[in-house]
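In: attaching a predicted model along with its sequence, questions to come.
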Amino acid sequence: MAYRMWEIMERATTGPFMEEAEFLNKRIPKTMRAVVKKHGIKYDPTHPVPADDAMADAVWQAAREFFLEVGVYNQDTHRVMLFSEQEVDEALYCAPSSYVVGEGRDSRVFGHRTVEDRRPPFVIFSPDITYDEVDHMSACLAYLKEPLLDGICSPLLEEFMGRAIQSRTPWEIAGSMEHAMNLRHAARLAGVPGVFMVAVGTAETDVAQIAVSDPAWGVRPSDGRLVGSITEMMTNNAMLNKGAHYQMYGSFSGNLAGTIYGAYSGGAEGTAVMQAAYHLKGLLVHSCNFEQNFPFHLKYGSNTGREMLWVVSTYSQAVARNTHLVQDSNGFTNAGPGTDMLFYETAAHAMTSTVSGANLWESAPARNKHHNHGTPLEARLGAEVGHAVARQGMTREQADGVVNALLAKYEADIPEAPIGQPFQELYDVRKAVPKPEYYDRYARVKEELHGMGVEFVY
C-alpha cells in the first residue's frame, strides 16, 4: 500500500519553513517532555521486560500525539511535513497486517505479532557490518545455510577491486552490484534461490539503490529495501527518492529507524516514545511495509543494556497492542563474536523482543563497528531463543526473570566489552561452517539457557 504518496511528497516542499536547529533543539525535546509527562510514562530498571499494558498503551498514545505535533523535517527544503489525525487513522486502518515475501518455495509470511504471541517470530539474519571483499561470498553463504532464516540482510562491502567504496561514485555502484550478485549467487548455491533478501546495504545512496534494482541479477520486487530515518524525525530528498523508487518498483519497503538514547529524545521514556512514533513516520512518509527498529545507547552504540531492553520491550508492546503494523527488532550488542557475552546479549534481546510482540533481526555484534566481526552463529542462537520462547508460551513476567539473570552475567562488562574475533578465525571460510571450538562454545551457552528455562525445540 502506497499511502497517498504524491500528496505527501508535495509536503516536503510546501510545509511550514523552519531551521533544522530549531526543529532538533526546541521542537522535539519540548514536545517529547510534554507527552511523556502528560501520559505518566516511567522507566522501571527492575523490570527490563515490563508487563504493564496500561504503560504500553500510554507510550503509543504519546507517540501518536508527538508525531502529530512535531511532524517530519526535510533537511534539503527546511520544510516540516505535517499530518492530520484522520490521515494517521486512515493509513493505520489500510495498512496490511502481513505480506508474502520472497519467491516460490522460499517465500514466507512476514506479519504482525501480538504481545506474548505463540507464533514464532519472522527472523532476518544480518551482521550489519562489512567484510573483506575476498570473503564476502563465503560470509553470505554461511548465513544463507541457516535453517531458521526467513530473510537475510547480508554482509556488506566497503571495497570494490581493492579500492574503498565512496558514496556517489562509480565505485559505490559497482560495489553495490557486486554485493547483489554475490548474494543472489550464494542463495542459489545454498538451495534457496527465492529467499527474501533485504538488499543491498552497500548501496548507501539513492543512485546506487536504483542501480541494483534488476530482477535478473539484483534486487527483485519480491525482496525488501530500507529507507533510513535521519535522527531524529528527519528525512531528505535522497531518502524520499529511495522511498518513491521502492514503491514504484514494487519492493517491500522497511523504515530503518534508530532512536538515540541520551540525545534529543532524552532518557528511556522518550526513547521508547520516539521509536514507536517512527512507525507512523515510515507508514505515512515512505509508505513502508515494515518497521526496522534499532534504538541504541548514545555512549555504547548498543541496545542490550538494562535501559535499552526496557525501551525495546516497551515500544514493541505499544505497537503490537495498538496497531496491526509489521515490526522487527534489531539487536545491537556490545561484545563481539567468539565470546559468551555476545551469546548472552543476543539471547536477552531476542527473548525481550519476541515476548513483546516483535519479529527479529539478529544481530549486529561489537557495536556494529568492527570489520569482519559477525557470524551466523549468534544470529542462530537468537532465532532459536525466539522460536523457543514463543512456542512454550513464555510470559513477559517469566522473560523478565530470565533477562535479569542474563544481565547479571554481562551488565557490568558493557563499558569494556570484548570485541571478540573475526569471521575468518571462527569459521572455516572455504566450507562456510563454524569451527568446532566455536560451535562448542555456542552449544555450552545454549545448554545454560536451557537451564534458565528456555525450552529449545531441538
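Out: Received, thanks.

In: and the longest helix along the chain, what's buried?
Out: The longest helix of the chain (DSSP state H) is helix 170-189. Burial within helix 170-189, assessed by neighbour count using 16 or more other Cβ atoms under 10 Å, is assigned to 171-184, 186-187. No exception for glycine: its C-beta is placed from N, CA and C like everyone else's.

In: now do the contacts for residue 4.
Out: Residues near residue 4 by Cβ atoms under 8 Å, 6 or more residues apart in numbering: residue 87.

In: state the distance from it to residue 357.
Out: 28 Å (Cβ to Cβ, to the nearest Å).

In: quick check: residue 322 touching residue 58?
Out: No - counting by Cβ atoms under 8 Å, residue 322 sits too far from residue 58 to count as a contact (10.3 Å).

In: of these two, who's got more company?
Out: Using other Cβ atoms under 10 Å as the criterion, residue 322 and residue 58 rank with residue 58 on top: 22 against 18.

In: how far off centre is whichever strand or helix holds that one?
Out: Taking DSSP states H and E as the definition, one finds residue 58 inside helix 53-70. Its chain's C-alpha centre and that of helix 53-70 lie 21 Å apart, by Cα atoms, centre = their mean, to the nearest Å.

In: and the next helix or strand after the longest helix of the chain, what does it pack onto?
Out: Going down the chain from helix 170-189, the next helix or strand is strand 196-197, by DSSP H and E. Where contact means 3 or more Cβ pairs under 8 Å, 6 or more residues apart in numbering; DSSP states H and E, strand 196-197 is packed against strand 151-152, helix 170-189.

In: how about TSV for these, with distance to residue 206 and mean pLDDT added?
Out: Converted to TSV, those look like this (distance: least, Cβ to Cβ, whole Å; pLDDT from 0 to 100):
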stretch	distance to residue 206	mean pLDDT
strand 151-152	22	98
helix 170-189	11	98
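
In: nearest to residue 16, out of those?
Out: Checking these against residue 16 by Cβ to Cβ gives helix 170-189 as the closest, at 34.3 Å.

In: with just CA atoms, put that closest one into PDB.
Out: Extracted C-alpha coordinates of helix 170-189, given in PDB (Å, rounded to 0.1, in the frame of the first residue of the first chain):
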ATOM      1  CA  PRO A 170      31.100   4.600  -9.800                       C
ATOM      2  CA  TRP A 171      32.800   2.500  -7.100                       C
ATOM      3  CA  GLU A 172      29.600   2.600  -5.000                       C
ATOM      4  CA  ILE A 173      27.500   1.500  -7.900                       C
ATOM      5  CA  ALA A 174      30.000  -1.300  -8.800                       C
ATOM      6  CA  GLY A 175      30.400  -2.400  -5.200                       C
ATOM      7  CA  SER A 176      26.700  -2.500  -4.700                       C
ATOM      8  CA  MET A 177      26.200  -4.600  -7.900                       C
ATOM      9  CA  GLU A 178      28.900  -7.000  -6.700                       C
ATOM     10  CA  HIS A 179      27.100  -7.300  -3.400                       C
ATOM     11  CA  ALA A 180      23.800  -8.000  -5.100                       C
ATOM     12  CA  MET A 181      25.300 -10.600  -7.400                       C
ATOM     13  CA  ASN A 182      27.200 -12.300  -4.700                       C
ATOM     14  CA  LEU A 183      24.100 -12.600  -2.600                       C
ATOM     15  CA  ARG A 184      22.000 -14.000  -5.400                       C
ATOM     16  CA  HIS A 185      24.700 -16.500  -6.400                       C
ATOM     17  CA  ALA A 186      25.200 -17.600  -2.800                       C
ATOM     18  CA  ALA A 187      21.400 -18.100  -2.500                       C
ATOM     19  CA  ARG A 188      21.400 -20.500  -5.500                       C
ATOM     20  CA  LEU A 189      24.400 -22.400  -4.100                       C
END
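
In: give me the contact list for it.
Out: 133, 136-137, 140-141, 144, 152, 154, 156-161, 163-166, 193-195, 197, 199-205, 207-209, 211-212, 214, 217-219.

In: okay, now residue 358: neighbour count?
Out: 31.

In: quick one: contacts for the residue nearest to residue 197 when sequence neighbours are not counted?
Out: If you skip the residues right next to it in sequence, residue 197 has residue 223 as its closest partner in space, 4.6 Å away by Cβ to Cβ, 6 or more residues apart in numbering. Residues in contact with residue 223 (Cβ under 8 Å, 6+ apart) are 101-102, 196-199, 251-252.

In: redo the residues you listed as a markdown table? Include distance to residue 290.
Out: Putting the contacts of residue 223 into a markdown table (distance: Cβ to Cβ, whole Å) gives the following:
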| residue | distance to residue 290 |
| --- | --- |
| 101 | 9 |
| 102 | 14 |
| 196 | 11 |
| 197 | 14 |
| 198 | 9 |
| 199 | 15 |
| 251 | 11 |
| 252 | 7 |
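
In: coming back round to it: let me see the mean pLDDT of the helix holding residue 58.
Out: Helix 53-70 comes out with an average pLDDT of 98.

In: just stretch 250-260 next, same as before
Out: 98.

In: quick check: buried residues in it?
Out: Residues 251-260 are the ones in stretch 250-260 that count as buried (16+ other Cβ under 10 Å).

In: of those, which is the nearest to residue 296?
Out: Closest to residue 296 out of the buried residues of stretch 250-260 is residue 258 (5.5 Å), distances taken as Cβ to Cβ.

In: contacting residues for that closest one?
Out: 229, 231, 293-296.

In: ok so, going back, can I get the buried residues of stretch 250-260 in TSV with distance to residue 455 and secondary structure?
Out: As requested, the buried residues of stretch 250-260 are exported to TSV (distance: Cβ to Cβ, whole Å; DSSP: H, G, I helix; E, B strand; the rest coil):
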residue	distance to residue 455	secondary structure
251	37	coil
252	32	strand
253	36	strand
254	31	strand
255	34	strand
256	33	strand
257	33	strand
258	32	coil
259	33	coil
260	36	strand
